[in-house]
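[1] Structure of the sequence below:
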Amino acid sequence: MTIRCLSKTIPEDIRMRLGWVDTVNPHYQLTVGKHYVVYGLCALIQGISTKLLWNVFYIVDDQGRLTYAPACMFDLEDTKTSMHWKIRVSADRLSVGCDLLLDDDISNRLVEGDKDLQSQFLIIKAKIDAEALTQEKTP
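    You can find the predicted model right below:
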């Protein structure tokens with residue numbers, strides 16, 4: 001799955017809808033117009049109505065770090081998912097991606113730079129990158 005960056009920050013209309021008007025709008029280390037491979041995604045949901053609250057893509061930013069960025073900052077370019085992805089559903093979220101990104105504690109440690117987890121992630125990243133490259137070449 002690949003996405004194209006539309007913005008380095010969360011769009012103002014989305015921030016207002018979420019009630020984040022007075023909060024700092026983070027600037028992500030991304031390049032507008034650049035394509036990024038998606039290694040996982042997470043959708044937070046609320047209650048019985050399964051109202052979508054927030055969804056993020058796990059990507060590697062321009063500094064080479066795994067991060068999660070709000071989906072509202074991207075256009076979905078290629079919807080083919082990786083054969084290395086799995087799904088986890090809980091009461092408040094739907095997570096899809098490689099095993100390391102399905103567990104909150106592990107994914108947070110990975111994003112924070114845990115060296116042992118990063119070496120594991122690099123192995124699966126190479127496999128997902130190869131798939132994405134193959135998909136780009138397939139008509």
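[2] who touches residue 76 in this structure?
    1, 3 (Cβ atoms under 8 Å, 6 or more residues apart in numbering). Backbone N, C-alpha and C define where each C-beta goes, glycine included.
[3] and after the host helix or strand of it, which helix or strand comes next?
    Element membership for residue 76, per DSSP states H and E: strand 74-78. The helix or strand immediately downstream of strand 74-78 is strand 86-89, counting by DSSP H and E.
[4] quick one: strands adjacent to that following strand?
    strand 93-97 (antiparallel) (DSSP bridges).
[5] So for the strand it pairs with, what gets flagged as buried?
    94, 95, 96, 97 (16 or more other Cβ atoms under 10 Å).
[6] okay, the angle between the host helix or strand of residue 130 and strand 93-97?
    Assigned by DSSP H and E, residue 130 falls within helix 115-137. For helix 115-137 and strand 93-97, the angle between their directions (axes from the mean of the first three to the mean of the last three Cα atoms, to 10 degrees) works out to 70 degrees.
[7] elements contacting helix 115-137?
    strand 2-5, strand 35-37, strand 74-78, helix 104-111 (3 or more Cβ pairs under 8 Å, 6 or more residues apart in numbering; DSSP states H and E).
[8] Residue 14: what's it in contact with?
    Per Cβ under 8 Å, 6+ apart, neighbours of residue 14: 70, 72.
[9] If you could redo that for residue 118, that was the one I meant.
    66, 110.
[10] is residue 45 in a bridge, and if so with what?
    residue 52.
[11] Centroid-nearest residue for the chain?
    By Cα atoms, centre = their mean, the mean C-alpha position of the chain lies nearest to residue 57, the distance being 1.5 Å.
[12] a helix runs through that one, doesn't it?
    No - Residue 57 is assigned strand when assessed by DSSP: H, G, I helix; E, B strand; the rest coil, not a helix.
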